[in-house]
Structures are given as C-alpha cells and as structure tokens.
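# What would the 3D arrangement of this be:
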Amino acid sequence: MARVAGSLSTNQVRAYDLIKMMTADGRLTGLGNAFAHYGRIFKSLHLLQVLHVEDYRRMIGAH
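All right, here's what the predicted structure looks like:
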C-alpha cells in the first residue's frame, strides 16, 4: 500500500490506471479490498470522534 501511495505521489502511475488494477470483472482484487478496509478504519475513527466530542461537532456545524 505504501508503494502504491508513493507511485501516485511521484506520478509514476495515474489514479485511473490504479483503479483499473484494483478491479477485475467489476470486483475488487486483494489490493482493492485492502485499501477499502484501510479506509473504513479511518472513517470509523472519524465518526467516533464526531459523536463524542462536543466542540468538534460545533466546529463542523453539527448539533
């Protein structure tokens, strides 16, 4: 995953090509699944922070 991120940041690979590599026949490959699960971790942590920190909710405009 770090190598993929590095390749994207140095423009060695285009995001479009990366998306094509992460899917096969409309389904995610192992690498695609890894990125999806990794993203879910941070989404969950963000939601937990929003739910439990009153000041943070005020900052983003949620009440």
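# residue closest to the middle of the chain?
residue 39 (3.5 Å; Cα atoms, centre = their mean).
# and the gap between that residue and residue 54?
26 Å (Cβ to Cβ, to the nearest Å). C-beta here means a position set from N, CA and C on the backbone, and glycine is covered the same way.
# Also residue 16?
Residue 16 is 41 Å from residue 54, by Cβ to Cβ.
# Regarding residue 13, what is its secondary structure?
coil (DSSP: H, G, I helix; E, B strand; the rest coil).
# What is the burial count for it?
14 (other Cβ atoms under 10 Å).
# If I follow the layout properly, it ends up in contact with residue 7?
Yes: at 4.4 Å, residue 13 counts as touching residue 7 under the criterion of Cβ atoms under 8 Å.
# Whichever strand or helix holds residue 58: how far from the chain's middle?
Taking DSSP states H and E as the definition, residue 58 sits inside helix 54-60. Mean-position distance between helix 54-60 and its chain equals 23 Å (Cα atoms, centre = their mean, to the nearest Å).
# Would you mind putting the CA coordinates of that helix into PDB?
C-alpha atoms of helix 54-60 as PDB (Å, rounded to 0.1, in the frame of the first residue of the first chain):
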ATOM      1  CA  GLU A  54     -19.000  18.400  21.500                       C
ATOM      2  CA  ASP A  55     -16.500  21.000  20.400                       C
ATOM      3  CA  TYR A  56     -15.700  19.100  17.300                       C
ATOM      4  CA  ARG A  57     -19.400  18.800  16.400                       C
ATOM      5  CA  ARG A  58     -19.800  22.600  16.800                       C
ATOM      6  CA  MET A  59     -16.800  23.200  14.600                       C
ATOM      7  CA  ILE A  60     -18.300  21.300  11.700                       C
END
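# Just the mean pLDDT for the lengthiest helix in the chain, thanks.
Counting residues, the longest helix found in the chain (DSSP state H) is helix 30-52. On average, the pLDDT along helix 30-52 is 87.
# For that helix, buried residues please.
In terms of neighbour count (16 or more other Cβ atoms under 10 Å), helix 30-52 has its buried residues at 32, 35.
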